[in-house]
Each structure stands twice: as structure tokens, then as C-alpha cells.
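Visitor: task: produce atomic coordinates for the following.
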Amino acid sequence: MTLQDENASISAGDPTDRLYVNGLRLDWMSPTNAVPQPIAAFGRALLGDGQQRIGFGLSQQIYTPLNTGLTIPDPHDRPYAGYLTANLSLLSDTDTTRSVMVLSLGVVGPAAGGEDLQDGFHDLIGQGHAKGWDAQIGNTAAIELMAERTWRLPLAPLAGLETDVLPALTVGVGDV
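Guide: Take a look at the predicted model:
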């Protein structure tokens, strides 16, 4: 299980709580080779042989413009948006590669709950609300399919430590 939260309010950057504001993720990954047979066969056909794991997750991200004090946001700034997805992933590991496929299905817009989460958190910490959420991106289906392969290429020992180089190739299609 993985629970991850990224929040711009704890950033050392200035301004905080702008642009990419928050990312919240909850994931579960199966034990090695505990993948249902039809999915394992599909994975081997696409990714090759390897030790497989399957994962399920939920993810929410919140984006706001730089100036959150405007009721009508600057049309040239990042728009307000919530982004909520359910994710299905398949990993395949060998001694020299890691291959990952992820299918994400969700929504961008008010149904993603970005405004509610941000306002609720701001109420909790005594901070004012962003003023332009009424202009956020409308509800839109969010679909992404991503595949990635990372290669492990051992290098010579460096100062008594084993060293590797990890080149990766990622390909994705979707509407986000």
C-alpha cells in the first residue's frame, strides 16, 4: 500500500499553493506473481517474461492559476482544474528491465472534487479560499494509457559502490 500526498503549501518555492497545488494518491500493489492468469498472459505477450505484479490506485490532483485572488481568472494563466482517476497497472521485472503499463480512467472538472478538497483543507488551516473555482474546466472524461520500459545497465564500481545507468522510454496516449 502506498499513500502519497504532495502539497505546494509546504514547498520552499514562492508563490506556494499555485499551479500544481496538490496531488493525493492511494495505491495497492500485489505480491510478485500474484496476477490473475488471463492478465499475466496478456502481460507476457506485451511486456515479455518477468516477475509480474498488478496494482490498483486512486489519484487526485488540483491545479490553480498563479493569481487565485481573481474571481474571473486570467485566460492566459493555468486554469482551475481537479483531476481524479482510477488506475490499473501491470509491472514486469527482470534482472535488467522494468516494464510498466498503466490504464487511467477518470474525470477532469468539478466532479473530481478539487475545489471541495482545497476549500476544506484551507478551512482546516484557517486560510482563505481561492476565488475563481467557478471558472474551472468543465467535467470531461480523462483517459490515459501509458507504457514504460527502464533498462538497468551496470557500470564499473565507483568508490567501492556498484553503479548503474537507468535509461527509460515512456509512451502514452490519452486526452489529458
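
Visitor: Leu84 contacts Leu26, doesn't it?
Guide: No. Here Leu84 lies out of contact with Leu26, judged by Cβ atoms under 8 Å, at a distance of 11.8 Å. C-beta here means a position set from N, CA and C on the backbone, and glycine is covered the same way.

Visitor: the two: which is more packed in?
Guide: Leu84 (21 against 15; other Cβ atoms under 10 Å).

Visitor: what about the strands in this structure?
Guide: 2-7, 19-29, 51-64, 81-93, 97-108, 140-151, 153-158, 161-165, 168-174 (DSSP state E).

Visitor: overlap in contacts of Leu84 and Leu26?
Guide: Common contact partners of Leu84 and Leu26 (Cβ atoms under 8 Å, 6 or more residues apart in numbering): 58-59.

Visitor: hmm, back to that, so for Pro36, which of the strands of the chain sits nearest?
Guide: With distances scored as Cβ to Cβ, the stretch of the strands of the chain nearest to Pro36 is strand 51-64 (7.5 Å).

Visitor: so what secondary structure elements neighbour that closest one?
Guide: Applying 3 or more Cβ pairs under 8 Å, 6 or more residues apart in numbering; DSSP states H and E, one finds that strand 51-64 contacts strand 19-29, helix 37-47, strand 81-93, helix 114-125.

Visitor: so of the ones you listed, which one's packed in deepest?
Guide: For the helices and strands packed on strand 51-64, average neighbour numbers computed from mean count of other Cβ atoms under 10 Å are highest in strand 81-93, which has a mean of 20.

Visitor: name the strands paired with that one and say parallel or antiparallel.
Guide: strand 51-64 (antiparallel), strand 97-108 (antiparallel) (DSSP bridges).

Visitor: can you pull the poorly scored residue ranges out of this protein?
Guide: Applying pLDDT under 70 to the chain picks out residues 9-18.

Visitor: can you tell me the centre-most residue of it?
Guide: With distances taken as Cα atoms, centre = their mean, Ser59 lies nearest the centre of the chain, 6.3 Å away.
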